[in-house]
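1. Give the three-dimensional model of this entry:
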Amino acid sequence: MRKQFLSVFIALWWMQIFNPSNTQAQEVPAGTILELRLRDTLSSYTAKRGDVLRAVMVAPVEQDGREILPAGTKVYGNVARVKRVGLGVIRERARLRMRFDSLAVPGVGRVALESQLVDVENAREQIQADGEIVGIRATDSYGHQMTGMVTSVAAMDPLLLLFAFASASSVLRFPEAEITYPAGTDLQIKLLQPLHVSDATPVVMPRVVATTEEYESLRVYVNELPFRTRTNTRNIPSDLTNLMFLSTREQILRAFAEAGWTQAAELDPATKYKTVQALAESRSYAGAPVSRLLLDGKLPSLVFEKALNTINRRHHVRVWQIAESWNGQTVWTAAATHDIGLGFSSHKKVIHRIDPEIDKERTKIANDLIFSNCVESMESVARPRIPRATYNSTGDRVITDGSLQVLRLKDCASPQDMGTTTRNAGPKTSNFLYRGVRQFDLTMRNVLLRDNVGWQAYRGGRAAWKIAHHHSTTESTARGLLPEEYNSDSVSDPHLAIVGSSSPKPRREVSRPRLPEVAFSLEGGQFFRSHLGDLYLASVNPATGDMDVFQYPMRIEPGVILGASVTLQPSKFFSHELSYGTMQANLLTGEDPTAQVDRLGIRTAGYQLEANLAPRNWRIRPFVTVGGSLTSYKFKNIKLAKKNGVFKYGLHRVGTVVSAFNRAGAAPLDGGTVYQPGLTYGAGLKFRISRLVEFQAQYRETYAKDPNFFNKQSLNYGSQGITSSQDPGARRHANYILSLSFTP
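-> The predicted model follows:
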């Protein structure tokens with residue numbers, strides 16, 4: 001009996017070993033890309049070396065139609081290296097290195113792996129060849145580059161520099177220098193060594209069709225769909241459709257929301273301004289609008305996008321509803337592309353560049369929706385009429401296999417603790433004071449190293465050369481890649497009708513239009529000034545010892561003032577205005593007609609807190625203002641004045657602190673400058689001409705001490721028995737200002 005039992009056991013064991021259907025190890029080759037999603041927030045500001053990292057695979061690894069590693073596989077690692085920016089004294093860029101070293105295979109347990117990070121999707125940071133992440137230089141944003149160019153020229157006048165710098169800092173936010181990836185961030189790692197796992201399982205995603213007749217019906221329907229989008233204005237062929245959904249509108253909205261996608265905002269002046277601001281600040285805009293593309297002459301019904309921390313890179317998809325259903329189900333078709341950077345079109349306009357392999361984006365969306373448990377079944381349908389290689393409206397190459405991915409959606413059942421939803425903002429680093437000190441340190445460092453005329457001229461020239469020598473592919477080249485039957489405009493595509501509007505939706509008229517939050521104004525007016533303090537000259541007669549005292553009244557003649565201002569939150573009850581003005585005027589010393597005439601250059605910069613005394617929907621709004629100002633006075637016709645040209649300033653006076661100090665320290669009669677702070681107050685009226693244009697008239701007074709020119713002079717007349725003094729009283733002077741405000 002025992003011998004029989006032993007024989008049966010050996011036979012079963014032998015069959016188990018050599019049975020081809022048994023569980024055997026499978027090899028995932030080196031170089032395989034694993035698509036992961038972080039489950040925890042990671043920041044270079046708070047992370048420490050050795051901190052545990054958790055991620056999950058959002059796309060399966062397949063071989064021969066079988067899943068070697070399924071989606072949902074948990075991956076573990078740690079922080080291998082981290083360098084934070086801190087206060088910005090030692091370094092300008094943060095550095096971070098992630099190392100994923102194991103994964104949890106279902107039914108097997110932890111399996112060691114050797115990998116390297118190759119990409120963080122839609123991140124603004126750079127990935128080095130060794131997988132280390134290098135953060136951005138906060139002062140390298142487009143806004144700070146433009147500010148540097150302006151301030152390099154404005155630095156010849158410290159008050160103009162103060163206005164330019166304060167305006168840029170108020171309108172543009174300082175980009176976060178630390179590396180911060182919130183939970184839900186998508187990234188890719190590459191296997192450096194083969195990975196051995198258990199036997200693969202067949203892909204079990206159900207098909208959309210159950211019979212041959214259903215597939216044939218679906219194939220005919222798919223090939224009747226319109227597939228080529230066109231631009232809204234010039235009707236240029238653009239993107240190709242590559243997805244189709246069988247679902248209700250609510251199911252589509254829920255599916256993309258669960259997958260971490262955001263609906264794009266409508267394209268209007270307000271969203272255009274937010275887009276430009278996000279571009280200037282090197283940050284993300286989760287609901288940034290997309291360009292208007294038409295399919296069969298109709299605008300998309302829905303637009304979704306997925307970004308991280310930059311507006312330069314994002315996934316996005318346009319969705320159109322089809323008028324005719326298939327098998328009683330509502331049908332939607334979509335065109336998905338991946339923006340991978342910025343570029344210039346043939347018309348020298350800034351555009352997004354796309355990844356030419358649009359099939360990757362098709363797979364990305366399918367994997368995201370499947371991972372979020374929002375897909376019931378899937379089918380791939382070939383379309384022989386689709387061009388395999390073409391160009392979109394901006395000249396980017398488009399490559400595809402022509403297939404359409406059909407997804408039947410269902411009510412989502414999102415898995416727990418998988419980091420499925422991407423948040424587009426991470427935690428702020430430290431407190432307001434800490435960030436302010438860091439911003440000052442980084443800005444000052446950038447000013448001393450880069451904000452000079454020589455460096456900015458080099459950067460500006462290089463950028464202009466790139467724009468001038470950029471060549472984009474023309475439409476004729478793109479049309480040459482289409483099948484022959486599509487090269488003739490007389491051939492129409494067989495298609496099903498699209499549901500939607502053929503033109504942008506008309507804006508609803510409202511009694512209270514939404515006003516922008518920033519206004520730029522050009523100002524002009526007349527400058528009035530009462531007499532300055534009198535000048536007294538005392539001369540001692542050497543022969544008699546008698547002292548003769550002469551009194552000379554001083555006054556500044558009225559003049560025209562020109563300037564500009566930036567107003568923040570102009571539609572609110574309280575708004576904030578930064579202003580700058582310049583004027584050339586005559587200083588008269590003595591009585592007419594024997595008065596001495598000296599030319600003065602007067603500059604004023606200031607801040608005003610503005611209180612609007614009427615609701616925002618009123619066309620005429622009275623307001624009052626109060627704030628501080630700083631005025632500089634400089635003689636223009638003094639022969640001893642030191643002349644500093646732009647070229648000399650750019651090479652020998654790097655930065656602005658040295659210039660301001662030198663000008664304030666030199667005597668007025670030697671070409672120096674007198675700075676006088678003051679209190680400015682006034683009132684006026686605003687008249688809104690249109691939503692984008694506003695006219696203002698206002699009266700302002702400034703209460704300040706008179707500039708003390710002669711007591712600060714460096715010329716010594718004591719040896720000649722002459723002494724001078726000035727009565728520097730505090731007086732008021734007034735401005736009548738008219739301005740025209742523009743809003744983006």
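2. Which residue ranges of the stretch 101-250 of the chain form helices?
-> Using DSSP state H, counting those that start in this stretch, the helices of the stretch 101-250 of the chain run over residues 142-154, 158-171, 212-223, 249-258.
3. for the chain, same thing?
-> For the chain, the helices defined by DSSP state H occupy 2-18, 142-154, 158-171, 212-223, 249-258, 269-280, 358-371, 432-449, 453-468, 475-480, 646-652, 657-665.
4. Pull out the buried residues from the fifth one.
-> If I follow you right, that is helix 249-258. Neighbour-count burial for helix 249-258, counted by 16 or more other C-beta atoms under 10 Å, picks out 251-252, 254-258. Where you see a C-beta, it was placed from the backbone N, CA and C, and this is true even at glycine.
5. quick check, nearest of those residues to residue 434?
-> Using C-beta to C-beta, residue 257 comes nearest to residue 434 of those, at 34.8 Å.
6. Can you give me the pLDDT of that closest one?
-> Residue 257 is assigned a predicted lDDT (pLDDT) of 93.
7. And it, how close does it get to residue 310?
-> As defined by C-beta to C-beta, to the nearest Å, residue 257 lies at a distance of 22 Å from residue 310.
8. Check residue 292 too.
-> Per C-beta to C-beta, residue 292 is found 23 Å from residue 310.
9. Kindly report the same for residue 121.
-> Separation of residue 121 from residue 310 (C-beta to C-beta) stands at 11 Å.
10. Comparing these two, which residue is more hemmed in?
-> residue 310 (22 against 19; other C-beta atoms under 10 Å).
11. domain assignment for the protein?
-> The record's domain parsing of the chain by automatic domain parsing lists 214-417+474-499, 518-742.
12. what about the last one, distance to the chain center?
-> Right, domain 518-742. With C-alpha atoms, centre = their mean, to the nearest Å as the basis, domain 518-742 stands 37 Å off its chain's centre.
13. check contacts around the spatially closest residue to residue 586 that is not a sequence neighbour.
-> The shortest distance from residue 586 to any non-neighbouring residue, by C-beta to C-beta, 6 or more residues apart in numbering, is to residue 557 (4.6 Å). Contact partners of residue 557, counting by C-beta atoms under 8 Å, 6 or more residues apart in numbering, are 529, 585-586, 588.
14. can you do 7 Å?
-> 585-586, 588 (C-beta atoms under 7 Å, 6 or more residues apart in numbering).
15. just curious, which of those is nearest to residue 84?
-> Ranked by distance to residue 84 (C-beta to C-beta), these are led by residue 585 at 51.8 Å.
16. Run a quick neighbour tally on that closest one.
-> The burial count for residue 585: 20, using other C-beta under 10 Å.
17. and if you look at residue 76?
-> Count around residue 76 with other C-beta under 10 Å applied: 15.
18. for residue 392, same thing?
-> A count of nearby residues for residue 392, using other C-beta under 10 Å, gives 25.
19. residue contacts, it?
-> By C-beta under 7 Å, 6+ apart, the neighbours of residue 392 are 238-239, 354, 398.
20. Now with 8 Å, please.
-> Residues near residue 392 by C-beta under 8 Å, 6+ apart: 237-239, 337, 354, 398, 478.
21. So which of the residues you listed are in strands?
-> Judged by DSSP state E, these include 237-239, 337, 354, 398 as members of strands.
22. next one: phi and psi at the residue nearest to residue 255 when sequence neighbours are not counted?
-> Leaving out its chain neighbours, the residue that sits closest to residue 255 by C-beta to C-beta, 6+ apart is residue 374, at 3.7 Å. Per-residue torsions, residue 374: phi -120, psi 0 (degrees, to the nearest 10).
23. which residues touch residue 374?
-> Residue 374 sits next to 251, 254-255, 258-259, 409-412 when contact means C-beta under 8 Å, 6+ apart.
24. how about low-confidence regions in the stretch 251-400 of the chain?
-> 345-348 (pLDDT under 70).
25. again with the stretch 101-250 of the chain
-> 106-107, 148-156, 199-203.
26. Repeat the analysis, applying 80 as the threshold.
-> Confidence mapping of the stretch 101-250 of the chain against pLDDT under 80 gives the ranges 105-109, 142-158, 161-162, 164-165, 168-173, 197-204.
27. Equivalent analysis for the stretch 501-650 of the chain, please.
-> Scanning the stretch 501-650 of the chain for pLDDT under 80 picks out 501-517, 528-552, 591-595, 616, 636-650.
28. where along it do the strands fall?
-> 518-529, 532-540, 547-556, 559-568, 574-589, 596-612, 620-635 (DSSP state E, counting those that start in this stretch).
29. ok, residue 352 to residue 399 distance?
-> Distance from residue 352 to residue 399, by C-beta to C-beta: 17 Å.
30. Could you check how far residue 559 is from residue 598?
-> On the measure of C-beta to C-beta, residue 559 and residue 598 end up 14 Å apart.
31. so what sits against both of the two?
-> Shared contacts of residue 559 and residue 598, counting by C-beta under 8 Å, 6+ apart, come down to residue 586.
32. still on that earlier bit, gap between the residue nearest to residue 586 and residue 367?
-> For residue 557, the distance to residue 367 equals 75 Å [C-beta to C-beta].
33. next one: residue 520
-> On the measure of C-beta to C-beta, residue 520 and residue 367 end up 45 Å apart.
34. Of these two, give the one with the bigger neighbour count.
-> Taking other C-beta under 10 Å, residue 520 and residue 367 do not tie; residue 367 has more neighbours (18 against 15).
35. what residues are up against that one?
-> Counting by C-beta under 8 Å, 6+ apart, residue 367 makes contact with 35, 58-59, 71.
36. can you check residue 568 too?
-> Contact partners of residue 568, counting by C-beta under 8 Å, 6+ apart, are 170-171, 517-518, 575-577.
37. Is it bridged to anything, and to what?
-> Beta-bridge partners for residue 568, by DSSP bridges, are residue 518, residue 576.
38. Check residue 695 too.
-> residue 687, residue 740.
39. Tell me if I'm right that it and residue 742 touch.
-> No: taking contacts as C-beta atoms under 8 Å, residue 695 lies outside contact range of residue 742: 11.0 Å.
40. What residues of stretch 559-578 count as buried?
-> 559, 561, 563-571, 575-578.
41. Stretch 523-542 too?
-> 523, 525, 527-529, 532-533, 535.
42. Kindly report the same for stretch 166-177.
-> Residues 166-169, 171-172, 174-177 are the ones in stretch 166-177 that count as buried (16+ other C-beta under 10 Å).
43. end-to-end on it?
-> With C-alpha to C-alpha, to the nearest Å as the measure, stretch 166-177 spans 20 Å from end to end.
44. With stretch 41-51 instead?
-> Stretch 41-51 end-to-end distance (C-alpha to C-alpha) = 12 Å.
45. who touches that stretch?
-> With C-beta under 8 Å, 6+ apart as the test, stretch 41-51 has contacts from 53, 78-85, 94-96, 98, 135, 178-183, 185, 426-427, 429-430.
46. With stretch 585-604 instead?
-> 157, 159-160, 527, 529, 535, 552-559, 561, 563, 579-584, 629-638, 702.
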